[in-house]
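A.B. asks: Please work out how this folds:
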Amino acid sequence: MTGEQATALAVLALTAVFFLWGRWRHDLVAVGALLACVFSGLVPAEEAFAGFAHPAVITVAAVLVLSRCLLTTGAVDLLAGQLLPAKSGPGLAIVSLTALGAGLSAFMNNVGALAMLMPIALQAARQHDLPPGKVLMPLAFGSILGGMTTLIGTPPNLIVAGFRARLGEGGFGMFDFTPVGLTVAAAGVAFVLLARRLVPSRRPGGAETFETAVYLTEARVTKGKVVGMTLRELEAALEEAHAQIVGLVRNEVRISAFNPLRRLREGDILIVEAEPDALAPVLSGLGLRLEEAEALEGKPAAEAETDADGKKPQERSAEEPTLTEFAVLPAAPLAGRSATEIGLRSRYGVNLLAVSRQGDRSISRLRTLPIRAGDVLLMQGPPESLAQFAGDYGLVPLAERSLRLPERRAALLAMGLMAAAVAAAASGLVPAAISFTAAVLLSVLFGVIQPRSLYTAVDWPVIVLLGALFPVAGAMESTGAAALIAKLLLTSVAHGEPVVALGVILVVTMTLSDFMNNAATAAVMCPIAVGTARALEASADPFLMAVAIGASCAFLTPIGHQNNTLILGPGGFRFGDYWRLGLPLELVILAVAVPMLLLVWPL
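C.D. replies: Numbering: from 1, shown residues only. Below is the predicted model:
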């Protein structure tokens, strides 16, 4: 082993550890890996940022913009209205939603497809008296599976195509992934629908409104019968409503291990855990007031200060305030920030009343509590203000929504431009990066999307991740480090058998994808796949395709794919709930994918 190989393997190992640890965002880890390669001499400084010019990076950005066009113009609503049955039993409703999610994900961002269909899924769950998770998990898994069927369905496919192009054989075409991907996706969706009984039921059906386990909310003690009452007495009063006290704030000091004999004073703030429907009657019956709402009522809009971003408060809407539940999207701008930090009340005139975070109980003040991806927020405010806040900060409304009617002309234009870009790329007339970038430009010229929305439509952490990892992966290949790993896999696991080696590449990729970003998984595994093919003197195509399939098979954990994270709160799931359906699903995919890879892409 040479010094360069040892350095490359060390960088790869540390990068994988930080990816799996999850303490820092994937894009920051990728940039750190890139700089480590530059400082160690593995990547020339003048080539450090060449990855950002890679066609795959440009294509991903363009596809994200076109996906936003499909969402904002109501094109997805039109398709859902035409393809989903108006009246159906629970089985048909789940089948229709899952199939539609898979179909949409083949040509648009699968997180966007899931986000758009989630309210419909929750409405179906209420209509058919089902726990939300019974509908959400099949939909999420189906939308992940749908992405593996085309070149643009998911970033790993574009990464794999880019690596094939580096071999001098040209990249994969638009539908080169379809024979294997469609077969695997169809088998996977069929299994998910047949085995949906494996999805845990985390709440009983029959609720009038969607519930998400428990909420944490703040209530201020005002003049009334609560003053002077002990915490034990108050907890006894809350017990009948299935609510409990989990924290106390007195004089801005948080108290977690409080004395049950402590008597309440006026001005104390209680942190109460309760189900959403129980919040209002519990608090009003005891003479308590929601702290966030009271804070807003006592502060005129004209006196609001600028927020952390330096923006002035907007003009408040005169509409009647409503309560709405929102789920926080993965990689949302709100993630990691608090209500105070973004100036929630001063900018939007809305209140954060409660936070539901499955499996984690916090006694932090709501206004300073950092929000996480997958949290469910109970918010109060005018519908227009809530909608603007949700759009600005990556939130998905979970209740049935009053959406504006789709702009039919814009929706048809969005669908037409997407179809034209796909056709141009599939025919080979122009490269995919060019065809989709041209479609984005035409979308702006025809008014389908506003120029100011172009950059907010792009998931920049993904773009940075891809641009940073391409040179790192190139260093893995050029130093021979990838070949060393491939040789180890061949000798110790596959014993020189090509078919076994193909299965090993698929299994390793699937396993990594369950715990780290799928694009990062593909970038790490592609050089190893190519090295394995060269060691066997076989074609690299089946091994690269195995990476593409494996990177789209994150079904064991809520952190492997953004769609899994998105349904964690609304479905009431726990970390260990996913493998019950996900593990047998991955075994089915393994059993179907290996024969199909050998048939379509011979060794």
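
A.B. asks: I'd assumed residue 378 was in a helix, is it?
C.D. replies: No - assigned with DSSP: H, G, I helix; E, B strand; the rest coil, residue 378 falls outside any helix and is strand.

A.B. asks: In this structure residue 193 contacts residue 98, no?
C.D. replies: Yes - the pair residue 193 and residue 98 qualifies as a contact (CB atoms under 8 Å) at a distance of 6.3 Å. C-beta here means a position set from N, CA and C on the backbone, and glycine is covered the same way.

A.B. asks: The two - which one has more neighbours?
C.D. replies: Shown here are residue 193 and residue 98; by other CB atoms under 10 Å, residue 98 has more neighbours (27 against 16).

A.B. asks: Is that one in a helix, a strand, or coil?
C.D. replies: Residue 98 is classified as helix under three-state DSSP.

A.B. asks: distance of it from residue 192?
C.D. replies: 7 Å (CB to CB, to the nearest Å).

A.B. asks: Mutual contacts of those two, please.
C.D. replies: Residues touching both residue 98 and residue 192 comprise 138, 141, 142, with contact defined as CB atoms under 8 Å, 6 or more residues apart in numbering.

A.B. asks: tell me the mean pLDDT over the host helix or strand of the second one?
C.D. replies: If I follow you right, that is residue 141. Following DSSP states H and E, one finds residue 141 within helix 132-146. For helix 132-146, the mean per-residue pLDDT is 92.

A.B. asks: likewise stretch 527-544?
C.D. replies: 90.

A.B. asks: ok, and what's touching that stretch?
C.D. replies: By CB under 8 Å, 6+ apart, the list of residues contacting stretch 527-544 reads 160, 163-164, 167, 169, 172, 473-474, 476-477, 481-487, 489-490, 496, 498, 501-502, 505, 526, 546-547, 597-598, 601-603.

A.B. asks: Just the CA trace of that stretch, in CSV.
C.D. replies: In CSV, the C-alpha atoms belonging to stretch 527-544 read as follows (Å, rounded to 0.1, in the frame of the first residue of the first chain):
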residue,chain,number,x,y,z
PRO,A,527,-15.1,3.8,-7.6
ILE,A,528,-15.2,0.6,-5.6
ALA,A,529,-17.7,-0.9,-8.1
VAL,A,530,-15.4,0.0,-11.0
GLY,A,531,-12.4,-1.4,-9.2
THR,A,532,-14.2,-4.7,-8.6
ALA,A,533,-15.2,-4.9,-12.3
ARG,A,534,-11.6,-4.3,-13.4
ALA,A,535,-10.2,-6.9,-10.9
LEU,A,536,-12.6,-9.5,-12.4
GLU,A,537,-11.9,-8.3,-15.9
ALA,A,538,-15.7,-7.8,-16.3
SER,A,539,-17.9,-5.1,-17.5
ALA,A,540,-18.4,-2.2,-15.1
ASP,A,541,-22.0,-1.6,-16.1
PRO,A,542,-23.7,-4.3,-13.9
PHE,A,543,-21.7,-3.1,-10.9
LEU,A,544,-22.5,0.5,-11.5
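
A.B. asks: Report the distance from that stretch to the chain centre.
C.D. replies: Counting by CA atoms, centre = their mean, to the nearest Å, stretch 527-544 is centred 31 Å from the centre of its parent chain.

A.B. asks: thinking again about what came up before, for PyMOL, write the selection for the buried entries among the contacts of stretch 527-544.
C.D. replies: Buried residues among these (16 or more other CB atoms under 10 Å), as a PyMOL selection:
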select buried, resi 160+163+164+172+473+474+476+477+481+482+483+484+485+486+489+490+498+501+502+505+526+546+547+597+601+603
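
A.B. asks: before we move on, back to that, overlap of the contact sets of residue 193 and residue 98?
C.D. replies: Joint contacts of residue 193 and residue 98 (CB under 8 Å, 6+ apart) are residue 138.

A.B. asks: State the helix or strand in which residue 247 lies.
C.D. replies: Assigned by DSSP H and E, residue 247 belongs to strand 244-250.

A.B. asks: on contacts alone, who are the packing partners of that strand?
C.D. replies: For strand 244-250, the elements it packs on are helix 231-239, strand 253-255, strand 269-274, judged by 3 or more CB pairs under 8 Å, 6 or more residues apart in numbering; DSSP states H and E.

A.B. asks: Which among those is found nearest to residue 261?
C.D. replies: When these are compared by CB to CB, helix 231-239 sits nearest residue 261, at 6.5 Å.

A.B. asks: Give the partner strands of the strand holding residue 247 in its sheet and their orientations.
C.D. replies: strand 253-255 (antiparallel), strand 269-274 (antiparallel) (DSSP bridges).
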